[in-house]
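[1] This is a predicted model, with the sequence first.
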Amino acid sequence: ELFILVGSYAIKYYLNLKSSAKTTEVIRDFEAYLPKYFPLVHPSPRNNIWLAKNPWFEPELLPELKKRVAQLMK
(Lines give C-alpha, C1' and ligand atoms only; values in the text may rest on other atoms or scores of the structure.)
Protein backbone atom coordinates (compact mmCIF):
# COMPACT_ATOMS: atom_id res chain seq x y z
CA GLU A 1 0.00 0.00 0.00
CA LEU A 2 2.93 2.35 0.62
CA PHE A 3 6.23 2.34 -1.22
CA ILE A 4 9.00 3.98 0.78
CA LEU A 5 11.50 5.22 -1.78
CA VAL A 6 14.94 5.48 -0.19
CA GLY A 7 17.55 7.50 -2.03
CA SER A 8 17.72 9.33 -5.31
CA TYR A 9 17.92 6.27 -7.57
CA ALA A 10 14.72 4.75 -6.17
CA ILE A 11 12.97 8.12 -6.15
CA LYS A 12 13.77 8.89 -9.77
CA TYR A 13 13.05 5.35 -10.98
CA TYR A 14 9.68 4.77 -9.30
CA LEU A 15 8.41 8.31 -9.73
CA ASN A 16 9.57 8.29 -13.35
CA LEU A 17 11.53 11.53 -12.95
CA LYS A 18 14.29 12.88 -15.13
CA SER A 19 17.84 12.43 -13.89
CA SER A 20 18.04 16.20 -13.48
CA ALA A 21 15.26 16.18 -10.85
CA LYS A 22 16.47 17.53 -7.51
CA THR A 23 16.06 14.88 -4.81
CA THR A 24 15.73 17.49 -2.06
CA GLU A 25 12.83 19.16 -3.86
CA VAL A 26 11.08 15.84 -4.39
CA ILE A 27 11.48 14.90 -0.72
CA ARG A 28 10.33 18.33 0.42
CA ASP A 29 7.21 17.93 -1.77
CA PHE A 30 6.55 14.40 -0.45
CA GLU A 31 2.82 15.01 -0.02
CA ALA A 32 2.42 15.27 -3.80
CA TYR A 33 3.37 11.59 -4.10
CA LEU A 34 1.15 10.26 -1.34
CA PRO A 35 -0.64 7.97 -0.66
CA LYS A 36 1.31 5.48 -2.74
CA TYR A 37 4.89 6.75 -2.54
CA PHE A 38 6.94 8.27 0.25
CA PRO A 39 10.35 9.59 -0.89
CA LEU A 40 13.19 9.68 1.65
CA VAL A 41 16.85 10.58 1.74
CA HIS A 42 19.23 7.64 2.02
CA PRO A 43 19.95 6.89 5.73
CA SER A 44 23.71 7.18 5.48
CA PRO A 45 26.05 8.87 7.98
CA ARG A 46 27.32 10.86 5.01
CA ASN A 47 23.91 12.51 4.81
CA ASN A 48 24.37 14.33 8.11
CA ILE A 49 25.39 17.37 6.05
CA TRP A 50 22.13 17.09 4.06
CA LEU A 51 20.15 16.83 7.30
CA ALA A 52 21.90 19.93 8.68
CA LYS A 53 21.07 21.87 5.52
CA ASN A 54 17.44 20.72 5.59
CA PRO A 55 16.18 21.24 9.16
CA TRP A 56 12.56 20.86 8.00
CA PHE A 57 13.08 17.14 7.33
CA GLU A 58 12.81 15.74 10.84
CA PRO A 59 9.97 17.88 12.27
CA GLU A 60 7.84 17.98 9.10
CA LEU A 61 8.39 14.72 7.28
CA LEU A 62 9.20 12.09 9.89
CA PRO A 63 5.98 12.50 11.92
CA GLU A 64 3.95 11.97 8.76
CA LEU A 65 5.95 8.86 7.88
CA LYS A 66 5.50 7.45 11.38
CA LYS A 67 1.75 8.13 11.24
CA ARG A 68 1.32 6.39 7.90
CA VAL A 69 3.39 3.36 8.88
CA ALA A 70 1.44 3.05 12.14
CA GLN A 71 -1.85 3.14 10.21
CA LEU A 72 -0.65 0.37 7.91
CA MET A 73 0.49 -1.76 10.83
CA LYS A 74 -2.98 -1.79 12.39
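    On my side now, so go ahead. Predicted model only: the values in this text are computed from it and were never measured.
[2] What's the local residue count around Phe30?
    When counting by other CB atoms under 10 Å, one arrives at 18 neighbours for Phe30. Just so you know, the C-beta spots here come from the backbone N, C-alpha and C atoms, and that holds for glycine as well.
[3] and if you look at Ile11?
    With other CB under 10 Å as criterion, Ile11 counts 21.
[4] Quick check: which ranges of the chain have low pLDDT?
    Applying pLDDT under 70 to the chain picks out no residues at all.
[5] That one: helices as residue ranges?
    8-14, 23-28, 48-53, 62-73 (DSSP state H).
[6] which residues are in contact with the last one?
    Okay, so that is helix 62-73. Helix 62-73 is contacted from outside by 1-2, 4, 30-31, 34-35, 38, 40, using CB atoms under 8 Å, 6 or more residues apart in numbering.
[7] ranking the residues you listed by neighbours, who comes first?
    Phe38 (20 neighbours).
[8] What is the end-to-end distance of stretch 15-25?
    13 Å (CA to CA, to the nearest Å).
[9] Likewise for stretch 13-25?
    16 Å.
[10] buried ones in that stretch?
    Buried residues in stretch 13-25, defined by neighbour count with 16 or more other CB atoms under 10 Å: 15, 23.
[11] Serialize the contacts of helix 62-73 to CSV and add fields for distance to Ile49.
    Formatted as CSV, these follow (distance: CB to CB, whole Å):
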residue, distance to Ile49
Glu1, 33
Leu2, 28
Ile4, 22
Phe30, 20
Glu31, 25
Leu34, 27
Pro35, 31
Phe38, 22
Leu40, 16
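[12] From Leu61, how far off is Lys36?
    Note on Lys36: its distance to Leu61, by CB to CB, to the nearest Å, is 16 Å.
[13] more neighbours, these two?
    Just comparing Lys36 and Leu61: by other CB under 10 Å the higher neighbour count belongs to Leu61, 19 against 10.
[14] Excluding covalently adjacent residues, which one is nearest to that one?
    Excluding the flanking residues, the one nearest Leu61 by CB to CB, 6 or more residues apart in numbering is Phe30, at 6.0 Å.
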